[in-house]
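# Provide a 3D model corresponding to the input given below.
(chains A, B, C and D)
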Number of protein chains: 4
Amino acid sequence: MTSEKLDIVGICGSLRKDSLNRKALLAAKQLMPPSFEMEIVEIGDLPIYNFDIQQVGFPPDATRLHDRIKRADGVFVATPEHNATMPAALKNLIDWMSRFRPTPFDQKPVAVISASPGPIGGARVQAEFRRSMAVVNALVMIQPEVFIAYAPSKFGDNSLFTDEAGRDFLSKLLVAFEDWIRRVKIAYPVKA
Amino acid sequence: MTSEKLDIVGICGSLRKDSLNRKALLAAKQLMPPSFEMEIVEIGDLPIYNFDIQQVGFPPDATRLHDRIKRADGVFVATPEHNATMPAALKNLIDWMSRFRPTPFDQKPVAVISASPGPIGGARVQAEFRRSMAVVNALVMIQPEVFIAYAPSKFGDNSLFTDEAGRDFLSKLLVAFEDWIRRVKIAYPVKA
Amino acid sequence: MTSEKLDIVGICGSLRKDSLNRKALLAAKQLMPPSFEMEIVEIGDLPIYNFDIQQVGFPPDATRLHDRIKRADGVFVATPEHNATMPAALKNLIDWMSRFRPTPFDQKPVAVISASPGPIGGARVQAEFRRSMAVVNALVMIQPEVFIAYAPSKFGDNSLFTDEAGRDFLSKLLVAFEDWIRRVKIAYPVKA
Amino acid sequence: MTSEKLDIVGICGSLRKDSLNRKALLAAKQLMPPSFEMEIVEIGDLPIYNFDIQQVGFPPDATRLHDRIKRADGVFVATPEHNATMPAALKNLIDWMSRFRPTPFDQKPVAVISASPGPIGGARVQAEFRRSMAVVNALVMIQPEVFIAYAPSKFGDNSLFTDEAGRDFLSKLLVAFEDWIRRVKIAYPVKA
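Residues are numbered from 1 along each chain as shown, chains lettered A, B, ... in the order given. The predicted model follows:
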């Protein structure tokens, strides 16, 4: 089983092209264990959640994201903190996905990191993210936690993560995430 | 001063046309003190917050909402709870408004209620809302709290709030909000 | 494996003798699956956490609780909500346990319910509890959630849980907890 | 009015004698505006909240703290973060005070800072503290926020706060707190 490739969906909580968290996501992609294959998916074209839209039919992007997340072995999220909670873009993704039955996050291993320009590094947004993801029954890894504070000084022009200690923390989180995914797979084997 | 009319902006956290919280907002409008004039504003056309959009220029709806909120004496929000936190629509409004300097919520008296189909009535979303609004320096009234649980059974076809105890709680909250606005006005007189 | 008895530690977040949550805990004991053996342990004699005390040596009750929790197959907590967060008594238990290395909650399956006299049933305290327990790496089951609102009307003199729907919810949570414990055991087999 | 002395109660959320937050509290005392007179009160001897104790009678320390807080013009709290939420000692104070009618925190201006050895500086505990204090109707100042990260390196042997930027942030918070107290006094004049 150890040679099996793990299909990881990478999600950036910010829609900004030059987002610090997109850079953090790319850094994670560079540092991830050999067993990971991460595809970064875009969440930008979803309309804001509205039950009236859902009743007419899930938007194509909602269905696309549902299908992509559903077949993944794990979901890796890098998100900024906006006003002490989740950015609307990330919250919107969760709100749409939560309306599928079952949700694509059901029993899905998830990891989250956050990067911010300031000193806190997004400690509050991670707690909020976990709270929301619990409602959709996602299995969000709880330890270790990685907060990338003062992020603008830590990413070079080509998105290299230049902070040595930070790279080390992130690598450890990724190794732990690989372990978490494998344990969840053992605990929740897919029904044939 | 007591004869002064207070201009209240009403905001519904759900975009759904037939939203329970829209009905709760209408109920508040019916029950409000004579000094209140509430205008319910729509937040539906805002794009999801993206710094790249902001750099090109605030969308017209962001500017419209900023201007409307800025000149109000108070903001009254009725919101559902989606996945234990704020709906993307409401979070998106806060994220856009937070980018104006100063934000239109700065020192603005705000009250919040929540309605839900289930038994909790949105206890968690109110806490989250307060947390985010603190970042934009809004003065959200903290007591009393009103949670409208099992809301579908409490609103008639024409949005009448048929729950007698609930109407009483809501009326008390509105009276407290009028008091809160007047005290904030005394504490923070507008500079001429 | 299905015949193996599971040793469950029951903890009440309130120190009050006649606590509603103690009654809820007893109800859980009555409704639990045959594989569960629940022992309700008392947390009352712990001093309030103080690093200066810890440096002299863990109090006997801290060590007793550490040892008892450590050898349990699972921990079942029933707690009130005090001022929107955890009661000091429950928080104090977590604070003391968090100082052992490793903490006795490490990779421990945990379930939580809450009972309150009012309408909310403790929705906020459960979120707070999960957040704190994540720090000590406890594996708190996330679904289903049980909130016992208007609790005084639901428990008879001899602590019988007289609310039929509530008994059903609680039974389902206990079955899910048994499943959760077994899956965690498979995912994290004890090192020999 | 500007010459009036303001009586500030200082509270440390940690019981540890050599607490970083006690040092932060002393730093605040050194940096406070001339109008402030801060008395640091000890919360150490309160038993853990238990309704059974309350029914016999409030413990002398609860009554002492109630009386002291009630007559203060403001309350200034410095607290560590334990397991992502409030230390049991601070939560216990709030739980006891919340049982007085009215609570001594009712309409009381409050400010909070936090210090921690790690990089986050207590961002989560401040949010929790605000949430709990809202229930007891305290008027906790929301901006600016001060988090003292990596605190051990910032306090000298005699508790001097050696971090220049940190001293500046703290001074600004204290000035804002003075303004907050004066505005609350205007908005909520004491009934004669």
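
# how about A:T79, phi and psi?
phi -140, psi 140 (degrees, to the nearest 10).

# can you count the residues close to it?
Around A:T79 sit 28 other residues, with neighbours defined as other Cβ atoms under 10 Å in any protein chain shown. For glycine as for every other residue, the C-beta is placed from the backbone atoms N, C-alpha and C.

# Grab the nearest non-local neighbour of it.
A:G13 (2.7 Å; Cβ to Cβ, 6 or more residues apart in numbering or on different chains).

# Run a quick neighbour tally on the one you found.
As a burial measure, A:G13 scores 28 neighbours (other Cβ under 10 Å).

# Pretty sure it sits against A:A89.
Yes: the pair A:G13 / A:A89 is scored as a contact, 6.3 Å apart, by Cβ atoms under 8 Å.

# Provide a list of residues in contact with the spatially closest residue to A:L160 that is not a sequence neighbour.
The shortest distance from A:L160 to any residue that is not its chain neighbour, by Cβ to Cβ, 6+ apart, is 7.3 Å, and that residue is A:A27. By Cβ atoms under 8 Å, 6 or more residues apart in numbering or on different chains, the contact list for A:A27 reads A:F155, A:S159, A:L160, A:F161, A:R167, A:L170.

# Using TSV, lay out those residues together with neighbour count and pLDDT.
TSV is the format used below for the contacts of A:A27 (neighbours: other Cβ atoms under 10 Å in any protein chain shown; pLDDT from 0 to 100):
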residue	neighbour count	pLDDT
A:F155	22	90
A:S159	16	68
A:L160	14	82
A:F161	21	91
A:R167	16	95
A:L170	23	97
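
# The longest helix along chain A and chain C, are they touching?
Longest helix in chain A, counting residues (DSSP state H): helix A:164-187. Yes: on the criterion Cβ under 8 Å from any Cβ of the partner chain, helix A:164-187 is in touch with chain C at A:R183, A:V184, A:I186, A:A187.

# Quick one: buried ones out of the residues you listed?
When the residues of helix A:164-187 next to chain C are checked for burial by 16 or more other Cβ atoms under 10 Å in any protein chain shown, the buried set is A:R183, A:V184, A:A187.

# Distance of A:G156 relative to chain B?
For A:G156, the distance to chain B (Cβ to the nearest Cβ, to the nearest Å) stands at 20 Å.

# pretty sure that residue is in contact with A:D163, am I right?
No: between A:G156 and A:D163 no contact is recorded; they are 10.3 Å apart, counting by Cβ under 8 Å.

# Comparing the two, which shows the higher neighbour count?
Residue environment comparison for A:G156 versus A:D163 gives the larger neighbour count to A:D163, 18 against 9, counting by other Cβ under 10 Å.

# And the more buried one, how far from chain C?
From A:D163 over to chain C the distance is 24 Å, taken as Cβ to the nearest Cβ.

# Also A:F100?
16 Å.

# What of A:L173?
According to Cβ to the nearest Cβ, A:L173 and chain C sit 14 Å apart.

# Quick check on A:D106: phi, psi?
As for A:D106, its main-chain torsions (degrees, to the nearest 10) stand at phi -60, psi 120.

# residues touching it, list them.
If you count contacts by Cβ under 8 Å, 6+ apart, then A:D106 has A:V136, A:N137, A:A138 around it.

# same thing with A:V9?
Residues touching A:V9, when contacts are defined by Cβ under 8 Å, 6+ apart, comprise A:M38, A:E39, A:V41, A:R68, A:I69, A:A72, A:G74, A:V75, A:F76.

# A:A28 is in contact with the first one, correct?
What it means is A:M38. Yes: distance between A:M38 and A:A28: 7.3 Å, which falls inside the contact criterion (Cβ under 8 Å).

# how near is the residue of chain A most remote from its centre to chain C?
Relative to the centre of chain A, the most outlying C-alpha is that of A:V56, 28.3 Å out, by Cα atoms, centre = their mean. If you measure A:V56 against chain C using Cβ to the nearest Cβ, the figure is 29 Å.

# Helix, strand, or coil at A:A78?
When classified by DSSP: H, G, I helix; E, B strand; the rest coil, A:A78 comes out as strand.

# could you list every residue that touches it?
Applying Cβ under 8 Å, 6+ apart to A:A78 gives the contacts A:10-13, A:21-22, A:24-25, A:28, A:112-115.

# try A:D157
Counting by Cβ under 8 Å, 6+ apart, A:D157 touches no other residue.

# in what helix or strand does it lie?
Under the criterion of DSSP states H and E, A:D157 resides outside all helices and strands.

# A:P109 touches A:L139, doesn't it?
Yes: because the distance of 5.3 Å satisfies Cβ under 8 Å, A:P109 is recorded as touching A:L139.

# which bits of chain A sit near chain D?
Chain A comes close to chain D at residues A:A84, A:P119, A:I120, A:G121, A:A123, A:R124, A:A127, A:F147, A:A149, as judged by Cβ under 8 Å from any Cβ.

# Check these and tell me the two furthest apart.
Using Cβ to Cβ, the two most remote members of the residues of chain A next to chain D are A:P119 and A:A127, lying 16.9 Å apart.

# which of these two has more neighbours?
More neighbours surround A:A127 than the other of A:P119 and A:A127, with 23 against 16 (other Cβ under 10 Å).

# Do you know the pLDDT at the more buried one?
According to the model's per-residue confidence, A:A127 sits at a pLDDT of 93.

# part of a helix, is it?
Yes: the secondary structure assignment for A:A127 places it in a helix, going by three-state DSSP.

# Stretch A:87-102 close to chain B?
Yes: remark: stretch A:87-102 sits within contact range of chain B at A:P87, A:A88, A:A89, A:K91, A:N92, A:I94, A:D95, A:S98, by Cβ under 8 Å from any Cβ.

# Any chance of TSV for the contacts of A:A78, columns secondary structure and pLDDT?
Conversion of these to TSV gives the following (DSSP: H, G, I helix; E, B strand; the rest coil; pLDDT from 0 to 100):
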residue	secondary structure	pLDDT
A:G10	strand	98
A:I11	strand	98
A:C12	strand	98
A:G13	coil	98
A:N21	helix	96
A:R22	helix	96
A:A24	helix	96
A:L25	helix	96
A:A28	helix	96
A:V112	strand	98
A:I113	strand	97
A:S114	strand	97
A:A115	strand	95
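
# Return the member of those nearest to B:Y49.
With Cβ to Cβ as the yardstick, the closest approach to B:Y49 among the contacts of A:A78 comes from A:G13, at 11.0 Å.

# got the contact list for the closest one?
A:N21, A:V77, A:A78, A:T79, A:P80, A:M86, A:P87, A:A89, A:L90, A:S114, A:V125.
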